[in-house]
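**Student:** quick one, fold the following:
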Amino acid sequence: MNARCLLQFIQFSDSVLPVGAFAFSNGVESAIQHGIICDADTLAEFTRSALQQAATGDARAVASCCRALQAKDASAALIHDARLFSRKLNEEGRVMATRMGKKLAEMAASVTGEARIAWWLAQIQAGNTPGTYPITQALVMNALGVTSRNIVVAHLYGVAMTLLSAAIRLMRITHIDTQRILFSLNQDIEALCDDAERGDLDQMASYAPVTEILASLHVQAYTRLFTN
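**Tutor:** Next up, the predicted model:
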């Protein structure tokens, strides 16, 4: 990866990228309200579980989509997008995936001027595809020359940072604590990427009943800070 590509990769994997991630807790808010997360250790375990679910779920679709894009099959992104969206069981998960996906496509099309990204944004705007964030991320970064493995890394990093950033606003924990958790989780990144690359769309699988229950409880929550 040359310097320009590296900088673009850093830019589009930045946790403060303006795609609306700050509005979502990815389940952390409900987990704290119901006592599943109560300190740094339980936050670390919750985040580790989320990464394991992502590796065999959304990240597997990202890796598969990247392989198709590398083979110059841009239309495969439409199939991957629809299949990933259909696996979002709760309403809040679908809202998070599509709202962030559209924001990323809008921003990337405006900033980069890449024709493939503009085409993808047009598909979203026309209602031809849901425009989920993971598949949009795959298409945007592939258009910028980022490798499949690094795109998967960026996706998993985003999952972790969404959880940890939300936790800072919801519980008594410091930035140092969350960075310590992130550093510890990074030790498993190669194994997680291997899991993601091991299958394709047909092997997308996750088992997270507690997460789904927390999402349903969050919809009915009397007070909440986050959209999901």
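
**Student:** next, Leu17: phi, psi?
**Tutor:** Reported as degrees, to the nearest 10, the phi and psi values for Leu17 are phi -60, psi 130.

**Student:** so what's it up against?
**Tutor:** Shown in contact with Leu17 (CB atoms under 8 Å, 6 or more residues apart in numbering): Gln11, Leu104, Met107. Backbone N, C-alpha and C define where each C-beta goes, glycine included.

**Student:** where does pLDDT dip in this structure?
**Tutor:** 219, 221-225, 227-228 (pLDDT under 70).

**Student:** mind running it again at 90?
**Tutor:** Applying pLDDT under 90 to the chain flags residues 1-2, 14-17, 20-27, 30, 33-34, 88-94, 199-228.

**Student:** for the helix or strand encompassing Ala61, which positions count as buried?
**Tutor:** Using DSSP states H and E, Ala61 sits in helix 58-70. By 16 or more other CB atoms under 10 Å, the buried positions in helix 58-70 come out as Asp58, Ala59, Arg60, Ala61, Val62, Ala63, Ser64, Cys65, Cys66, Ala68, Leu69.

**Student:** so which of those residues is the closest to Ile32?
**Tutor:** The shortest approach to Ile32 among the buried residues of helix 58-70 belongs to Asp58, at 22.8 Å (CB to CB).

**Student:** surely that closest one and Pro134 touch.
**Tutor:** Yes - between Asp58 and Pro134 there is a contact at 4.5 Å, judged by CB atoms under 8 Å.

**Student:** and for Gln8, the neighbour number?
**Tutor:** 19 (other CB atoms under 10 Å).

**Student:** that one: what secondary structure?
**Tutor:** State at Gln8, reduced to three classes by DSSP: H, G, I helix; E, B strand; the rest coil: helix.

**Student:** ok, the nearest residue to it once chain neighbours are set aside - contacts?
**Tutor:** Excluding the flanking residues, the one nearest Gln8 by CB to CB, 6 or more residues apart in numbering is Leu144, at 4.8 Å. Applying CB under 8 Å, 6+ apart to Leu144 gives the contacts Cys5, Gln8, Phe9, Phe12, Thr112, Glu114.

**Student:** what about Leu144, distance to Leu156?
**Tutor:** 18 Å (CB to CB, to the nearest Å).

**Student:** all helices of the protein, in order?
**Tutor:** All helices of the chain, identified by DSSP state H, fall at 3-12, 28-33, 40-56, 58-70, 76-86, 91-112, 115-125, 133-143, 148-170, 175-185, 189-197, 209-219.

**Student:** the inter-axis angle of the fourth one versus helix 76-86?
**Tutor:** Same thing as helix 58-70. With axes from the mean of the first three to the mean of the last three CA atoms, to 10 degrees defining the directions, helix 58-70 sits at 170 degrees from helix 76-86.
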